[in-house]
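Participant: I'll drop the sequence and a predicted model, then ask my questions.
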Amino acid sequence: CRESNCYSPERVKNFLKEAKLTDQLPLIIVCDRYDFVHDLVLYLYRNNLQKYIEIYVQKVNPSRLPVVVGGLLDVDCSEDIIKNLILVVRGQFNTDELVEEVEKRNRLKLILPWLESRVHEGSVEPATHNAIAKIYIDSNNNAERFLMENQYYDSKVVGKYCEKRDPHLACKAYERGNCDRELIAVCNENSLFKSEARYLVKRRDMELWAEVLNDENQYRRPLIDQVVQTALAETQDPEDISVTVKAFMAADLPNELIELLEKIVLENSVFSDHRNLQNLLILTAIKADKTKVMEYINRLDNYDAPDIANIAIGSQLYEEAFAIFKKFEVNSSAVQVLIENVSNLDRAYEFAERCNEPAVWSQLGKAQLQQNMVKEAIDSYIKADDPSAYLDVVETASKTESWEDLVRYLQMARKKARDTYIESELIYAYAKTSRYADLEEFVSSPNHADVGKIGDRCFDAGMYESAKLLYNNISNFAKLAITLVHLKEYQGAVDGARKANSTRTWKEVCFACVDNEEFRLAQMCGLHIVVHADELEDLITYYQDRGFFEELMALLEASLGLERAHMGMFSELAILYSRYKPDKLKEHLELFWSRVNIPKVLRAAEQAHLWAELVFLYDKYEEYDNAVLAMMAHPTEAWREGHFKDIITKVANIEMYHRAIQFYLDYKPMLLNDLLLVLAPRLDHTRTVNYFTKTNHLQ
């Protein structure tokens with residue numbers, strides 16, 4: 001039976017059963033060898049041969065114990081017999097098979113004592129612990145505690161066993177073994193979203209979160225509700241929170257993320273003051289639900305205010321940005337939002353009044369200045385005690401003619417910075433506002449102003465009183481003299497010109513006095529001009545163009561005695577006499593003929609038909625031929641007998657003798673003999689006799 005393969009197992013089995021041998025070992029061997037164990041157990045039990053069953057499982061094949069136990073249960077064998085049988089078997093058999101056989105017949109509790117003894121002996125075999133778990137579950141005997149604490153059972157096996165019996169225990173089993181998909185499935189099927197939410201939060205698996213937060217998951221909404229309401233409220237671990245938040249962000253669920261963060265941050269949890277979570281809540285609201293941003297800003301206190309505010313500005317949430325800066329007292333940024341984004345200077349002013357910080361006033365002042373609100377801007381800068389924008393303030397105030405306000409600003413600025421530009425502009429502002437006392441006091445005290453430059457600006461702008469003060473302060477007498485001319489202070493102008501001692505200044509003062517018919521002062525100036533030959537012509541032209549001939553001649557007459565008197569002065573006076581006072585020319589020439597430019601005066605005398613003076617000049621210039629011709633041409637005015645006879649002898653051209661004879665024949669025939677006596681030495685006597693014979697004057 002043990003070794004032969006030449007028999008039919010079924011026929012041999014039946015034969016041995018019918019033979020009713022005293023020793024059942026052959027039957028046992030055949031049934032064991034050909035897997036008729038169930039039939040064997042039924043036969044032995046029904047024939048009261050239980051001892052052979054013990055022999056079989058103890059000595060022949062211990063591994064068949066599970067099948068034997070199953071058979072005994074099928075024949076309603078006493079539990080005590082089965083328990084004893086299991087306990088006495090010391091060989092190796094498969095615990096899983098034993099549990100399966102017992103479980104199939106709903107008799108698991110039967111093997112509990114054996115299982116517990118196995119555990120007591122230190123067995124860590126999963127099958128043993130699986131079986132105990134199943135028994136505890138069925139008997140409701142601290143099953144949850146066992147599932148949470150036992151390390152050796154197979155979570156998938158026990159979880160599957162629990163699914164229909166107690167889904168909650170199934171969750172515990174799956175949770176203990178990190179059986180993600182099985183746990184999600186049982187939770188979804190049984191609506192255990194609270195447990196699922198808790199598990200997901202603790203599991204911290206981004207892939208798992210992505211799966212449950214997918215659009216296609218029909219259970220997503222109730223799961224999210226439980227994550228928000230329960231799971232996160234219970235956790236104390238920041239890493240749980242962090243991973244959950246990241247998962248919601250990765251799933252692009254901003255509104256749900258807001259719900260989540262509200263639960264964590266707004267309700268009094270241990271994470272209420274968590275900076276990153278507060279930041280995230282506000283940023284998510286900016287992105288997904290702008291209506292909630294202001295509420296969060298006001299309720300929360302521990303977020304990165306400047307960064308959040310700048311992001312709000314980028315999303316055009318200007319009021320929210322302002323609220324953040326105001327709440328955290330970043331007032332300069334707050335007022336900047338009102339100015340640049342909200343564009344409401346009235347609100348900016350009210351805010352500046354309330355916080356009263358220099359930086360805020362400065363920003364407000366800059367904005368007001370850009371709107372040409374000069375008075376308001378200067379008020380703001382003064383409150384800020386900030387002179388830094390002086391260039392812009394001066395430029396804008398100058399354009400808008402806001403000089404009084406500019407004075408206030410520059411007075412403040414000067415206290416803070418002794419700058420040349422500031423002090424110079426303050427002088428100009430004083431001048432513009434006619435504050436001469438302040439101006440004089442300022443320039444009299446130590447300062448860094450460019451007084452000369454500002455004096456020129458005042459002069460160009462027609463502010464002569466101010467220019468006078470400034471030029472006087474720096475002893476610029478040239479400019480001072482001209483300024484005094486404009487102020488019609490001619491005596492002072494002359495004094496200034498004298499100190500300046502500049503030809504140009506003398507000319508300007510002189511011309512101004514001429515224009516205003518201050519001829520006495522003009523003459524005083526003119527005396528310093530005429531000694532410069534280059535300037536004489538301009539002076540004469542200026543007087544003549546305005547018809548002041550008498551005054552001009554008086555000036556030149558006064559200048560003749562000057563040490564630096566030159567030919568031009570004598571000549572020009574002679575020319576003026578020839579035009580306007582011909583009766584004085586003769587006397588002038590007799591006195592100063594040697595100091596005049598004779599050719600120039602000759603032309604003037606000829607143009608003025610002053611023949612006697614013309615002859616006088618020709619004589620002095622030793623142009624005797626022209627002198628003789630002039631006398632003969634204009635005998636009435638120019639001819640004098642003695643003078644003529646004196647000159648005629650000096651002519652170069654002898655032809656003049658014959659013309660003189662003809663002249664005398666025509667005009668002074670009775671004096672002809674006297675003339676001939678003078679001419680005789682150089683006269684061509686033959687030609688003369690012939691001439692007289694021809695004219696019938698020779699008797």
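Facilitator: In hand now; what should we look at? Numbers count the residues shown, from 1 in each chain.

Participant: Just give the nearest non-adjacent residue to residue 223, would you?
Facilitator: Distances taken as CB to CB, 6 or more residues apart in numbering place residue 193 nearest to residue 223, at 4.9 Å, with adjacent residues excluded. For the C-beta atoms, the positions are set from N, CA and C on the backbone; glycine is no exception.

Participant: Could you report the distance from the one you found to residue 261?
Facilitator: To residue 261, residue 193 is 20 Å away according to CB to CB, to the nearest Å.

Participant: With neighbour numbers in mind, choose between those two.
Facilitator: More crowded of residue 193 and residue 261, by other CB atoms under 10 Å: residue 261, with 27 against 24.

Participant: Check which helix or strand that one maps to.
Facilitator: helix 254-261 (DSSP states H and E).

Participant: Distance from the chain centre to that helix, please.
Facilitator: Here helix 254-261 is found 36 Å from its chain centre; the criterion is CA atoms, centre = their mean, to the nearest Å.

Participant: And for whatever helix or strand comes next after it, what's in contact with it?
Facilitator: Helices and strands here follow DSSP H and E; after helix 254-261, the next one along the chain is helix 275-288. Helix 275-288 has contacts (CB atoms under 8 Å, 6 or more residues apart in numbering) with 241, 245, 249, 254-255, 257-258, 261-262, 264-265, 271, 292-293, 296-297, 300, 302-304, 307-308, 311-312, 315, 317, 320.

Participant: Filter those residues down to the buried ones.
Facilitator: Burial by neighbour count, judged by 16 or more other CB atoms under 10 Å, picks out 241, 245, 254, 257-258, 261-262, 264-265, 271, 292-293, 296-297, 300, 303-304, 308, 311-312, 317, 320 from the contacts of helix 275-288.

Participant: And the helices in the stretch 351-500 of the chain?
Facilitator: Counting by DSSP state H, counting those that start in this stretch, residue ranges of the helices within the stretch 351-500 of the chain are 358-370, 374-384, 390-399, 403-416, 420-432, 436-444, 451-460, 464-473, 477-486, 490-500.

Participant: same question, the stretch 101-250 of the chain
Facilitator: 112-120, 126-139, 143-149, 155-165, 167-176, 180-190, 193-203, 206-212, 220-226, 232-234, 238-250.

Participant: Give the buried residues for the fifth one.
Facilitator: Taking 16+ other CB under 10 Å as the neighbour-count basis, helix 167-176 is seen to contain the buried residues 167, 169-176.

Participant: With the fourth one instead?
Facilitator: Residues of helix 155-165 classed as buried under the neighbour-count rule (16+ other CB under 10 Å) are 155, 157-163.

Participant: out of those, who's nearest residue 617?
Facilitator: residue 155 (145.4 Å; CB to CB).

Participant: any chance of the helices of the stretch 351-500 of the chain in TSV, with mean neighbour count and distance to residue 576 too?
Facilitator: Output for the helices of the stretch 351-500 of the chain, formatted as TSV (neighbours: other CB atoms under 10 Å; distance: least, CB to CB, whole Å):
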stretch	mean neighbour count	distance to residue 576
helix 358-370	21	63
helix 374-384	22	59
helix 390-399	18	50
helix 403-416	20	51
helix 420-432	23	44
helix 436-444	16	45
helix 451-460	19	35
helix 464-473	23	34
helix 477-486	24	26
helix 490-500	21	24
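
Participant: Include distance to residue 517 when you put the ones you listed into TSV, please.
Facilitator: Shown next, in TSV, are the helices of the stretch 351-500 of the chain (distance: least, CB to CB, whole Å):
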stretch	distance to residue 517
helix 358-370	50
helix 374-384	45
helix 390-399	38
helix 403-416	36
helix 420-432	30
helix 436-444	29
helix 451-460	24
helix 464-473	20
helix 477-486	13
helix 490-500	10
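
Participant: Dump those helices to TSV, plus mean pLDDT.
Facilitator: Formatted as TSV, these follow (pLDDT from 0 to 100):
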stretch	mean pLDDT
helix 358-370	89
helix 374-384	88
helix 390-399	87
helix 403-416	85
helix 420-432	85
helix 436-444	84
helix 451-460	86
helix 464-473	82
helix 477-486	78
helix 490-500	76
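
Participant: Just the CA trace of the strand or helix carrying residue 568, in CSV.
Facilitator: For residue 568, the element it lies in under DSSP H and E is helix 567-580. Extracted C-alpha coordinates of helix 567-580, given in CSV (Å, rounded to 0.1, in the frame of the first residue of the first chain):
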residue,chain,number,x,y,z
MET,A,567,43.2,164.6,-31.6
GLY,A,568,39.8,162.9,-32.1
MET,A,569,38.2,165.1,-29.4
PHE,A,570,39.5,168.4,-31.0
SER,A,571,38.6,167.2,-34.5
GLU,A,572,35.0,166.0,-33.6
LEU,A,573,34.3,169.3,-31.8
ALA,A,574,35.5,171.2,-34.9
ILE,A,575,33.2,169.1,-37.0
LEU,A,576,30.3,169.7,-34.6
TYR,A,577,31.0,173.4,-34.7
SER,A,578,31.0,173.3,-38.5
ARG,A,579,27.5,171.8,-38.4
TYR,A,580,25.8,173.5,-35.4
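
Participant: What helices and strands are in contact with it?
Facilitator: With contacts defined as 3 or more CB pairs under 8 Å, 6 or more residues apart in numbering; DSSP states H and E, helix 567-580 has these neighbours: helix 533-545, helix 549-559, helix 585-592, helix 598-607.

Participant: quick one, which of those is nearest to residue 461?
Facilitator: Short answer: helix 533-545, nearest of those by CB to CB, at 26.5 Å.

Participant: between that closest one and helix 549-559, how big is the angle?
Facilitator: Counting by axes from the mean of the first three to the mean of the last three CA atoms, to 10 degrees, helix 533-545 lies at 150 degrees to helix 549-559.

Participant: what's the angle from helix 533-545 to helix 567-580?
Facilitator: 20 degrees.

Participant: Enumerate the positions of helix 533-545 that are buried.
Facilitator: Using 16+ other CB under 10 Å as the test for burial, helix 533-545 gives 535-536, 539-540, 542-543.

Participant: Would you check that residue 620 makes contact with residue 592?
Facilitator: No: checked against CB atoms under 8 Å, the pair residue 620 and residue 592 is beyond contact range at 10.9 Å.

Participant: Include pLDDT and distance to residue 429 when you put the buried residues of helix 155-165 into JSON lines, please.
Facilitator: Below are the buried residues of helix 155-165 laid out as JSON lines (pLDDT from 0 to 100; distance: CB to CB, whole Å):
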{"residue": "155", "pLDDT": "76", "distance to residue 429": "90"}
{"residue": "157", "pLDDT": "77", "distance to residue 429": "97"}
{"residue": "158", "pLDDT": "72", "distance to residue 429": "95"}
{"residue": "159", "pLDDT": "79", "distance to residue 429": "91"}
{"residue": "160", "pLDDT": "81", "distance to residue 429": "95"}
{"residue": "161", "pLDDT": "72", "distance to residue 429": "98"}
{"residue": "162", "pLDDT": "78", "distance to residue 429": "93"}
{"residue": "163", "pLDDT": "75", "distance to residue 429": "93"}
